[in-house]
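Peer 1: Provided below are the primary sequence and the corresponding predicted coordinates.
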Amino acid sequence: MARSAIQSAPSNAPVALISDFGYRDHYAGVMRGVIASIAPHAAVIDVSHGVAPQDIVAGALILRESWRFFPPDTVFVVVVDPGVGTPRRPVAVETNSGVRLVGPDNGVLWMTIDQAGLKHAVHLQSERYFLSRQSSTFHGRDIFAPVAAHLSNGVALARLGAPITDLERLTVPDPVESGDQLIGLVIYQDTYGNLVSNLTRARIERLQARFPSRRLLVRIGSSVPFAIARTYGDVPKDSPLALFGSFEMLEIAVREGNAARIFAAGPGAEIRVRAQP
Amino acid sequence: MARSAIQSAPSNAPVALISDFGYRDHYAGVMRGVIASIAPHAAVIDVSHGVAPQDIVAGALILRESWRFFPPDTVFVVVVDPGVGTPRRPVAVETNSGVRLVGPDNGVLWMTIDQAGLKHAVHLQSERYFLSRQSSTFHGRDIFAPVAAHLSNGVALARLGAPITDLERLTVPDPVESGDQLIGLVIYQDTYGNLVSNLTRARIERLQARFPSRRLLVRIGSSVPFAIARTYGDVPKDSPLALFGSFEMLEIAVREGNAARIFAAGPGAEIRVRAQP
Amino acid sequence: MARSAIQSAPSNAPVALISDFGYRDHYAGVMRGVIASIAPHAAVIDVSHGVAPQDIVAGALILRESWRFFPPDTVFVVVVDPGVGTPRRPVAVETNSGVRLVGPDNGVLWMTIDQAGLKHAVHLQSERYFLSRQSSTFHGRDIFAPVAAHLSNGVALARLGAPITDLERLTVPDPVESGDQLIGLVIYQDTYGNLVSNLTRARIERLQARFPSRRLLVRIGSSVPFAIARTYGDVPKDSPLALFGSFEMLEIAVREGNAARIFAAGPGAEIRVRAQP
């Protein structure tokens, strides 16, 4: 039975869900059912269940790009968990900025912990906050959803398990500087085919500062070079451009088109920014 | 920071979301997070985020076919916005029937304004109702979601920007009458492969009235002609039929099958209704 | 107009939705709008709208695998309805365990009725609980959603129509025993490519009990045989295994891989468990 004896607090924190469960099966829906059973007054907000199966980096980026826009007491549940049924630990984390994170300790939480600041982390071990029967394949339903619901209800993180400090880390590779070039790569491809890189505005500005009189040009793979624009409106329809999109990273796009398709590129593709002599 | 200083009113209007953000990325989820931050008590209802990328006509039809079935004070946010980052205007509209619409002024709102009646429209300019930092690529997050949340909280439309009257219009083409034929086209294809046309019941009835003793037959492209049925049950399994579906427009379907696949047709395909001699 | 004159009760039961509407159109969204219009305080929880079009068995399994994890007063609306517009009956069911079910009487509800216990079923006929104009193609909007909202509001099942007892049944085939083999089949394929069979733990244990000194090996189609594991962690990455997954049925999987793709198999594929001499 999913309904727990532990009653819900009068005022609930929102619970936000990220997973690679997709939209065909009942897996995400069952997590919502478990949360509604334990914390009926919690607002449950889907961030996305469309993370590519077992793609920990994509899950980590989606969480990192989302958490800032949610209420500061939100409990995020992130289930991208290729290691379910192996000794990887289930964890819950409290950050300095207030948001809490629940999921497998496989790095998927790390980029957000890094931004929001680690306050406290525990290895989930108190089975009284799990469903009473746990499967070996669906910890989203049996462990993560009920724990998040109890956190929403006001249960203290410290009651969920023993403190840990050796959380699994995951970072995107740093761009490399080489002469008048900055060499980065695509870290995320979105629905529109926009290709988000690991090149921050600061890195690009530093390159420009080193070559103040030169123009920066961008290439993806062996493409012709194109300019960094401020917005889509700066180029004609169907033209490629590089711009700082919603991730605040350099992003390759095609106005009203699909850059991933046009450049036949995706995550891992090389992006070069050159200060053109 | 997403959380706004402007507090929420005691009773909130529902906020309904339509977009082409798809279900892979966090874009729709982040809009929900922004709304939860500003209007935590608003019910947020997804209509669809599966509009084909940048397909303004599909977005407009989905809104037109939905608004009537929602509470009359609903605030609809529609983000199908190929012109983000160009000078197209962000707008908010109040209709005579009560529903409010927020989105880009690119025609996506027009068919519904036409049905519900235009009461008041504004060009969104008051940045105090936007997120404090706006990107040039994600107005759904930075402008439309926060504005909708403030409308849900009770902020008056007039405070959001200057009134405008020259909204961008978008209509589906009218069918053409030619002798004993009515020539229309497919305007929408749904998940099941049903093909919805621009032929209203009134237009079909007028043709029948002109040829009262003849039988109306329907062809899509160069298909064999088939009859107008009242319901799927009127034809055997796997047979094509034309009927008035949930859009209240003539719709080409195949009982328990996929008409789009079987007729290799989609939006734009010609549909002829003939009063057969 | 969707808003009903019948007012909502002070405390609402949750409404959970399952359909094959997919995520492209407004169909699922419009059901949410109808429910919000009639029962504005009801929590509406999506289980899945990704059931394969008109796949009654998949819809039935998704409901069966979900209901237990929801609050016991939940009203489930299940719209997988290839027979809409034929004489198949719209029904509502109350189970002994408390959950209520609303949908077409085509078998999609049966596996759950079988588990939860049939208390009372009615043929939906009271049009005052439907939308005032009903289409012949979208009973999800016009009949099932409004009925569920009224049930959530506290309307008694008996007021919705005449009692019936001859509900349409649907079951998955039983496995067959043959010598030292148990022959089953795949009944469900999930997003990850896991292949769920009709082989229960009890059936497998009975085979083992008959051949206590032998080892059970599993084959799908003409695959090489592999062992039954306790969890993914028992085999190396990319290896096939059989295990009892979240359905509590024997499931063919590939650790961090896609079994459906690797074995080119799906629903209907044969699975043999043999007590190897």
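Peer 2: Done, it's in. Being a predicted model, the structure only gives us computed values, none of them experimental. Numbering: from 1, shown residues only, chains lettered A, B, ... in the order given.
Peer 1: show me what contacts residue A:83?
Peer 2: Residues in contact with residue A:83 (C-beta atoms under 8 Å, 6 or more residues apart in numbering or on different chains) are A:104, A:106, C:232-233. C-beta: built from backbone N, CA, C; applies to glycine.
Peer 1: Looking at those, which are in strands?
Peer 2: The strands in this structure, assigned by DSSP state E, contain residue A:104 from those.
Peer 1: Bridged to residue A:76, which residues?
Peer 2: The partner list for residue A:76 in beta bridges (DSSP bridges) reads residue A:16, residue A:101.
Peer 1: What separation is there between it and residue A:64?
Peer 2: Noted for residue A:76: a distance of 11 Å to residue A:64, by C-beta to C-beta, to the nearest Å.
Peer 1: Please identify which helix or strand holds the residue nearest to residue A:228 when sequence neighbours are not counted.
Peer 2: Closest residue to residue A:228 in three dimensions, ignoring its sequence neighbours and counting by C-beta to C-beta, 6 or more residues apart in numbering or on different chains: residue A:242, at 4.8 Å. Taking DSSP states H and E as the definition, residue A:242 sits inside strand A:240-244.
Peer 1: Backbone dihedrals for residue A:50, both of them.
Peer 2: Here the main-chain torsion angles of residue A:50 (degrees, to the nearest 10) amount to phi -100, psi 10.
Peer 1: now do residue A:245
Peer 2: As for residue A:245, its main-chain torsions (degrees, to the nearest 10) stand at phi -90, psi -160.
Peer 1: neighbours around residue A:215, how many?
Peer 2: Residues lying near residue A:215 (other C-beta atoms under 10 Å in any protein chain shown) number 13.
Peer 1: List the residues that contact it.
Peer 2: By C-beta under 8 Å, 6+ apart, the residues touching residue A:215 are A:227, A:275-276.
Peer 1: for residue A:198, what are its contacts?
Peer 2: A:172-175, A:184-185, A:187, A:249.
Peer 1: isn't there a strand covering it?
Peer 2: Yes: under DSSP: H, G, I helix; E, B strand; the rest coil, residue A:198 sits within a strand.
Peer 1: What separation do you get for it and chain B?
Peer 2: When distances are taken as C-beta to the nearest C-beta, to the nearest Å, residue A:198 and chain B turn out to be 17 Å apart.
Peer 1: Also residue A:136?
Peer 2: With the distance defined as C-beta to the nearest C-beta, residue A:136 ends up 28 Å from chain B.
Peer 1: Help me confirm that that residue comes into contact with residue A:84.
Peer 2: Yes: under the criterion of C-beta atoms under 8 Å, residue A:136 lies in contact with residue A:84, with a separation of 7.4 Å.
Peer 1: any idea how far residue A:152 is from residue A:276?
Peer 2: Distance check for residue A:276 against residue A:152: by C-beta to C-beta, it reads 53 Å.
Peer 1: hmm, I was thinking of residue A:80
Peer 2: When C-beta to C-beta is applied, the distance between residue A:80 and residue A:152 equals 21 Å.
Peer 1: coming back round to it: quick one: which of the contacts of residue A:215 has the most company?
Peer 2: Top of the contacts of residue A:215 by neighbour number is residue A:275, holding 19 neighbours under the definition other C-beta under 10 Å.
Peer 1: Might you calculate how far the least confident helix or strand in chain A by mean pLDDT sits from the centre of the chain?
Peer 2: Comparing every helix and strand of chain A by mean pLDDT, DSSP states H and E singles out strand A:226-227 as the least confident one, with a mean of 92. In terms of C-alpha atoms, centre = their mean, to the nearest Å, the gap separating the centre of strand A:226-227 from the centre of its chain is 29 Å.
Peer 1: Residue numbers of chain A in contact with chain C?
Peer 2: A:1-3, A:20-30, A:32-34, A:36-37, A:40, A:44, A:53-54, A:82-87, A:135-138, A:141 (C-beta under 8 Å from any C-beta of the partner chain).
Peer 1: out of these, which are buried?
Peer 2: For the residues of chain A next to chain C, a burial check counting by 16 or more other C-beta atoms under 10 Å in any protein chain shown picks out A:2, A:20-30, A:32-34, A:36-37, A:44, A:53-54, A:82-86, A:135-138, A:141.
Peer 1: Check which residues of stretch A:177-187 are buried.
Peer 2: Of the residues in stretch A:177-187, those with enough neighbours to count as buried (16+ other C-beta under 10 Å) are A:181-182, A:184-187.
Peer 1: nope, stretch A:269-277 is what I was after
Peer 2: Buried residues in stretch A:269-277, counting neighbours by 16+ other C-beta under 10 Å, are found at A:269, A:271-275.
Peer 1: Also stretch A:196-215?
Peer 2: By neighbour count on 16+ other C-beta under 10 Å, the buried set for stretch A:196-215 is A:196-200, A:203-204, A:207-208.
Peer 1: mind checking the end-to-end distance for it?
Peer 2: With C-alpha to C-alpha, to the nearest Å as the measure, the ends of stretch A:196-215 fall 21 Å from one another.
Peer 1: for that stretch, the distance to its chain's centre please.
Peer 2: 25 Å.
Peer 1: cool, and stretch A:183-200?
Peer 2: Between the mean C-alpha position of stretch A:183-200 and that of its chain there is a distance of 14 Å (C-alpha atoms, centre = their mean).
Peer 1: Helices of the stretch 1-150 of chain A, start to end?
Peer 2: With DSSP state H, counting those that start in this stretch, the ranges of helices along the stretch 1-150 of chain A come out as A:27-38, A:56-66, A:110-116, A:139, A:145-152.
Peer 1: Show me which of residue A:76 and residue A:64 is the more surrounded one.
Peer 2: Each of residue A:76 and residue A:64 has its neighbours counted (other C-beta under 10 Å); residue A:76 has more, 25 against 20.
Peer 1: Which elements pack onto the longest strand anywhere in chain A?
Peer 2: The single longest strand within chain A, with elements called by DSSP E, is strand A:181-189. If you count contacts as 3 or more C-beta pairs under 8 Å, 6 or more residues apart in numbering or on different chains; DSSP states H and E, strand A:181-189 packs onto helix A:56-66, strand A:176-178, strand A:195-200, helix A:201-210, strand A:249-254, strand A:270-276.
Peer 1: Neighbouring strands of the second one in the sheet, and parallel or not?
Peer 2: Within its sheet, and counting by DSSP bridges, strand A:176-178 is paired with strand A:181-189 (antiparallel).
Peer 1: what's the partner strand in contact with?
Peer 2: The set of residues external to strand A:181-189 that reach it, using C-beta under 8 Å, 6+ apart, is A:57-58, A:61, A:172-173, A:175-177, A:195-199, A:203-204, A:207, A:220, A:247, A:249-250, A:252, A:260, A:265-275.
Peer 1: between the buried residues of stretch A:177-187, which is nearest chain C?
Peer 2: For chain C, the nearest member of these is residue A:187. The distance, counting by C-beta to the nearest C-beta, is 20.9 Å.
Peer 1: quick one: residue A:120 from chain C, how far?
Peer 2: Using C-beta to the nearest C-beta, residue A:120 is found at 28 Å from chain C.
Peer 1: Dig out what that residue forms beta bridges with.
Peer 2: Residue A:120 forms beta bridges with residue A:94, as assigned by DSSP bridges.
Peer 1: can you pull the contacts of it?
Peer 2: A:93-94, A:157-158, A:163.
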